[in-house]
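Asks: Whatever this is, show me its structure:
(2 chains)
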Amino acid sequence: MRIATWNVNSITARLPRLLAWLESSGTDVLCIQETKCAAEQFPVEELRALGYESAVNATGRWNGVALVSRVGLADVVTGLPGGPEYEGVQEPRAVSATCGPVRVWSVYVPNGREVTHEHYAYKLRWLEALKAAVAEDAAGERPFAVLGDYNIAPTDEDVWDIGVFEGATHVTEPERAALAGLREAGLADVVPRPLKYDHPFTYWDYRALGFPKNKGMRIDLVYGNKPFAEAVSDSYVDREERKGKGASDHAPVVVDLDV
DNA sequence: ATGGCCTGATCTTCAGGA
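Replies: So this is what the prediction gives:
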């Protein structure tokens, strides 16, 4: 079984590449982030034509997540139970479902913007709520994983130059402590292999030739419980999908499971 | 040449991304 996560940066803008990639990669379950569409604009029919069911949590131009699966999609939960509000609303940042033998979450963790910004405090609260919401499944016997754009680089090695990030979000101790909390809850960081260079970056800024210069970050993560991690036979970042016109600024992270 | 972007909506300018 092949499962992947991909921040597509607008599913509308990415639809031709998304459909082509699903077919060429043979992905069974895809966790999607930043759909940037209203739920009714999500391309349910185009995906159904390829054999995929969809579970969508999206409300408009910002954020939005989805799960698409061709191996079943049951017990869908929309949103993060107990999750915090930002400016009075629960933003669409989580959706979970059971896809065949695996329980899967697709998450888009808040960015944080600046460490002094209210959005940063919200990011930390959101991660606390995530830990509470997944605790039971994380400790369970069924293969379980939380995949998505965490907007956190787990270590200094997960950015191209840590010096550039002094005082910035994505690399702070509280953010990394939140990831450690998920690991303490029973989830392991399933680190993919890079297809080129020595580090599995998953995001490269559109600006300043970030991709050609490999100025990347590893912020799209797969956190799986013990049964999930033990079933992993391979994992890699499909950097080919970051190339060319019409690419997202994130590449898909692919995980193969023996389940 | 030492910089270089992309998205959708508020739509020719902006906020947000990280």
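
Asks: any idea how far residue A:186 is from DNA strand B?
Replies: Per C-beta to the nearest atom of the strand, to the nearest Å, residue A:186 is found 26 Å from DNA strand B. Placement of C-beta: from N, CA and C, glycine included.

Asks: same deal with residue A:41?
Replies: Going from residue A:41 to DNA strand B by C-beta to the nearest atom of the strand gives 8 Å.

Asks: Now that residue: closest residue in space, sequence neighbours ignored.
Replies: Excluding its sequence neighbours, the residue lying closest to residue A:41 (C-beta to C-beta, 6 or more residues apart in numbering) is residue A:12, at 6.7 Å.

Asks: and the next element down the chain from the strand or helix carrying that neighbour?
Replies: According to DSSP states H and E, residue A:12 maps onto helix A:11-25. Going down the chain from helix A:11-25, the next helix or strand is strand A:29-33, by DSSP H and E.

Asks: ok and that following strand relative to helix A:11-25, angle-wise?
Replies: Here the directions of strand A:29-33 and helix A:11-25 differ by 160 degrees (axes from the mean of the first three to the mean of the last three C-alpha atoms, to 10 degrees).

Asks: Show residues contacting the very next helix or strand once past strand A:29-33.
Replies: Following strand A:29-33 in sequence order, the next helix or strand is helix A:44-49 (DSSP H and E). The contact list for helix A:44-49 (C-beta atoms under 8 Å, 6 or more residues apart in numbering) reads A:15, A:19, A:22, A:53-54, A:56, A:68.

Asks: try 7 Å this time
Replies: Helix A:44-49 has contacts (C-beta atoms under 7 Å, 6 or more residues apart in numbering) with A:15, A:19, A:54, A:68.

Asks: what about residue A:125, distance to DNA strand B?
Replies: 15 Å.

Asks: what is the mean pLDDT for whichever helix in chain A runs longest?
Replies: The longest helix of chain A (DSSP state H) is helix A:118-138. Helix A:118-138 shows a mean pLDDT of 97.

Asks: how about it as PDB, C-alpha atoms only?
Replies: What follows is helix A:118-138, C-alpha atoms only, in PDB (Å, rounded to 0.1, in the frame of the first residue of the first chain):
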ATOM      1  CA  GLU A 118      -1.100  35.600  18.000                       C
ATOM      2  CA  HIS A 119      -0.900  33.000  15.200                       C
ATOM      3  CA  TYR A 120       2.200  31.500  16.900                       C
ATOM      4  CA  ALA A 121       0.400  31.000  20.200                       C
ATOM      5  CA  TYR A 122      -2.500  29.500  18.200                       C
ATOM      6  CA  LYS A 123      -0.100  27.100  16.500                       C
ATOM      7  CA  LEU A 124       1.100  25.800  19.800                       C
ATOM      8  CA  ARG A 125      -2.400  25.400  21.200                       C
ATOM      9  CA  TRP A 126      -3.400  23.600  18.000                       C
ATOM     10  CA  LEU A 127      -0.500  21.100  18.400                       C
ATOM     11  CA  GLU A 128      -1.500  20.500  22.000                       C
ATOM     12  CA  ALA A 129      -5.100  19.700  20.900                       C
ATOM     13  CA  LEU A 130      -3.700  17.400  18.200                       C
ATOM     14  CA  LYS A 131      -1.700  15.400  20.700                       C
ATOM     15  CA  ALA A 132      -4.800  14.900  22.900                       C
ATOM     16  CA  ALA A 133      -6.900  14.000  19.900                       C
ATOM     17  CA  VAL A 134      -4.500  11.300  18.600                       C
ATOM     18  CA  ALA A 135      -3.300   9.900  21.900                       C
ATOM     19  CA  GLU A 136      -5.600   6.800  21.900                       C
ATOM     20  CA  ASP A 137      -4.800   5.800  18.200                       C
ATOM     21  CA  ALA A 138      -1.100   6.600  18.700                       C
END
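
Asks: thinking again about what came up before, what's the helix holding residue A:12 packed up against?
Replies: Counting contacts by 3 or more C-beta pairs under 7 Å, 6 or more residues apart in numbering; DSSP states H and E, helix A:11-25 is packed against no other helix or strand.
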